[in-house]
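Undergrad: Provided below are the primary sequence and the corresponding predicted coordinates.
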Amino acid sequence: MSAFAGQGSRVLFIENTGVRSPRLRDMPRMMSRLRNWWRGTQGFRSEGPNLFVLSPLVIPLPYSRIARIVNRALIGRAVRRWMKAAGFRRPIVWTFLATPIVHDIVATIDPELVVYHCLDDFASSSREARRIATSEARLFRQADVVFVSSEKLRQRALQYRAAVHVVRAGVNVAQFEAVRDSNGSMPPDLQPLKRPIVGYIGGIHQWFDQQLVIRVAAQMPDATFALVGPAQSDVAELERVPNVHLLGVKAHAELPSYVKAFDVGIVPYRLSEYTANVYPVKLNEYLVMGVPVVATPLHEIERFNREHGDVVAVAADSDAFAAATRIAAAGRHAPEADGRIEVARRNSWASRIQLMSAIVDAALSEREAAPRRWEERLRTLYRRGRLRTAEIGGGFLACYLLLFYTPLVWWVGAPLRVEAPPTRADVAVVFAGGVGESGQAGGGYQERVKRAVDLYREGDVSQLMFSSGFVFAFREAEIMRALAVDFGVPAAAIVLESEATNTYENVVNTARLLRARNWHRILLVSSPYHMKRALMTWHKVAPDIEVIPTPPQSSQFYAHDTGANLQQLKGIAHEYGAIVLYRWRGWI
């Protein structure tokens, strides 16, 4: 993709969205993705002229239907917005993955052409990744152009389509030759190592045959084995071998200097269904530096030798591998080095890009010349419309289920609910509801009066104060007093505040009455989810008065099992909105 960007094409590269669910060992890569997202703009960043990268944050469950819905919305919306901002219209989609999310993205952005560049047999890479087979078969059939990197992959693709192009990995000849022909010094971590240096570049993954390398290193104690790349599996045994050095991850620009210092380059891969499809990228990177190569008998290595004349030494076991490595190290600077370089030049990325560009251009021309093109575009527009409708509908459904069939509303509302055990106080102050959280006159005041009467009967207070300026036929404060008297509270033990029209005025007016009577400790009775705002107002307006929150122990309005109803949702939302308003007005 960097090569296409260098030729003037604008490229948006979307980082790997995964072919399996993550495991614990994937945590470093997940953290790297988070860092990449953070250092960009909503995950987008520029990596050079014409080259942009998206580090998407997705649910890492590539075969989950629910995750696909969410990921399709996240990536699809992000890509469409970026295309609009960057002036992209009907781009070419060039994918190296065949997971279901790829099909979703293709449907979302309506590309001019779809290219599937198949570099690996993902279905053989792990048990979970086998699930990719169905979506990959669909992509083989539907892609406009299919490139594969090995003969085995071509045979698999031919089951689904007639035209498949084999284009194997290349090498950036100019980058490597510039280092090879320079007088630059050896990398510092290689300088103290004893020669000959048997080198490897790439990940130390599950296909890297650690036991083979350990046995070969034991048979060659006078040689140093330098492994450059990330440890993607347990390397404890390798680390214990004295002449094996794990040098870790290096920047791609540094790799030519390391390869130049090698006396031998090795490809020690285990033979498996997966590696039968692998064409090692490092092969031509070794050869372009003139370094002899020793490899296990991979299918593509043997094909490479048939095509280029036994350039690579092939060894099937540790004895043969050690013997071939000794011979290769002795011939590092032999005349055959020029032949290795020439083979690598024939496998340059420049030639690969030229070939692929010609194939893609031909496919574009063919599509433009095809009749009834407008019908296909119209069908695509309708598909996109249905997809957008499904996304919106799915979003509404998800929100509906979360709000009304899960405890989400009550988790969100939990900070609003404040309660403390009642203790002896001067008075119980009751804030009436007005229309309150229910939106209906008189809603909720009965249970608050009942709570205050219970506190009076239990001896926690000897006085009650009802605060409300709300009027519906009769004054609410007077109705509350009459109800309390019916419950047996003497009228002389009840004080009314009948002017307040909101919580702020409730606090201001009752605080004035409390100070006039020299009352400084109160039990506050109000709705459970109104208590947070009431307490914040008390602390701002009357910090000299000690307030103990004692809401009703059960609230009919807020009664629930798991989810919330619409009225309860409005009540919680009203309280949070009121807190924001009160803070803006300086009341809390």
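TA: In hand now; what should we look at? Here the structure is a predicted model, which is why all the values come from computation and not from measurement.
Undergrad: doesn't residue 561 make contact with residue 407?
TA: No. At 9.5 Å, residue 407 and residue 561 do not qualify as touching, with contact defined as CB atoms under 8 Å. Placement of C-beta: from N, CA and C, glycine included.
Undergrad: Extract the CA atoms of the helix or strand hosting residue 71 and return them as PDB.
TA: Using DSSP states H and E, residue 71 falls within helix 65-86. The C-alpha trace of helix 65-86 is given here as PDB (Å, rounded to 0.1, in the frame of the first residue of the first chain):
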ATOM      1  CA  ARG A  65     -23.600 -11.300  15.100                       C
ATOM      2  CA  ILE A  66     -24.100  -8.600  17.800                       C
ATOM      3  CA  ALA A  67     -20.500  -7.500  17.600                       C
ATOM      4  CA  ARG A  68     -20.800  -7.300  13.800                       C
ATOM      5  CA  ILE A  69     -23.700  -5.000  14.100                       C
ATOM      6  CA  VAL A  70     -21.800  -2.700  16.400                       C
ATOM      7  CA  ASN A  71     -18.500  -2.900  14.500                       C
ATOM      8  CA  ARG A  72     -20.300  -2.300  11.200                       C
ATOM      9  CA  ALA A  73     -21.700   0.900  12.600                       C
ATOM     10  CA  LEU A  74     -18.400   2.000  14.200                       C
ATOM     11  CA  ILE A  75     -16.100   1.300  11.200                       C
ATOM     12  CA  GLY A  76     -18.700   2.000   8.500                       C
ATOM     13  CA  ARG A  77     -19.600   5.400   9.900                       C
ATOM     14  CA  ALA A  78     -16.000   6.400  10.500                       C
ATOM     15  CA  VAL A  79     -14.900   5.400   7.000                       C
ATOM     16  CA  ARG A  80     -17.900   7.200   5.300                       C
ATOM     17  CA  ARG A  81     -17.200  10.400   7.200                       C
ATOM     18  CA  TRP A  82     -13.500  10.200   6.400                       C
ATOM     19  CA  MET A  83     -14.300   9.600   2.700                       C
ATOM     20  CA  LYS A  84     -16.500  12.700   2.700                       C
ATOM     21  CA  ALA A  85     -13.800  14.800   4.400                       C
ATOM     22  CA  ALA A  86     -11.100  13.500   2.100                       C
END
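Undergrad: Residue 146 contacts residue 166, doesn't it?
TA: No. Using CB under 8 Å, residue 146 makes no contact with residue 166, being 10.0 Å away.
Undergrad: From residue 72, how far out is residue 533?
TA: Distance from residue 533 to residue 72, counting by CB to CB, to the nearest Å: 40 Å.
Undergrad: Which one's more surrounded, the two?
TA: Neighbour tally, residue 533 and residue 72, criterion other CB atoms under 10 Å: the higher count belongs to residue 533, 25 against 22.
Undergrad: ok, that one to residue 526 distance?
TA: Taken as CB to CB, the span from residue 533 to residue 526 is 9 Å.
Undergrad: Ok, residue 295 next?
TA: Taken as CB to CB, the span from residue 295 to residue 526 is 78 Å.
Undergrad: cool, and residue 517?
TA: 20 Å.
Undergrad: Neighbour count for the two, which is higher?
TA: residue 526 (26 against 12).
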